[in-house]
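# need a structure here:
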Amino acid sequence: FEGLPPDDMEQKMEDLFYEYDADKQGTIDAEEFRSALAGLHVHLTDAELEELITDVDTNGSGDIDMDEFKEMIRKVITEHGEGKPLRTIL
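So this is what the prediction gives:
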């Protein structure tokens, strides 16, 4: 994502979201999120997963929608991702 024009960054985030949205419902539920993280070799306990979703899920739906996902990616990039590939920091 580093150095991408804003429009390209938005498209990359949307592509990543749709990759994780396995049931194509427009949200990422806990199991889809767990599966996505496992694919990145990130394994969380149920409590850790719940805490992460609660932090990201600003509308309280229990799922992560596109806007919440994009905000999470921006936060990860800003706070933790300087110079690291996205798939190694999620």
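# can you show me the helices along this protein?
For the chain, the helices defined by DSSP state H occupy 6-20, 30-39, 46-56, 66-80.
# how about residues contacting the second one?
What it means is helix 30-39. Contacts to helix 30-39, defined as CB atoms under 8 Å, 6 or more residues apart in numbering, come from residues 19-23, 28, 43-44, 49-50, 52-53, 62-64, 90. In short, each C-beta sits where N, CA and C put it, glycine included.
# relative to Pro5, which of the residues you listed is nearest.
Closest approach between the contacts of helix 30-39 and Pro5, by CB to CB: Glu19, at 21.0 Å.
# so what pLDDT did the closest one get?
Glu19 is assigned a pLDDT of 90 by the prediction.
# pull the number of nearby residues for the residue lying closest to it once chain neighbours are set aside.
Counting by CB to CB, 6 or more residues apart in numbering, Glu19 lies nearest to Ala36, which is 7.7 Å off, once chain neighbours are set aside. Ala36 has 19 neighbours, counted by other CB atoms under 10 Å.
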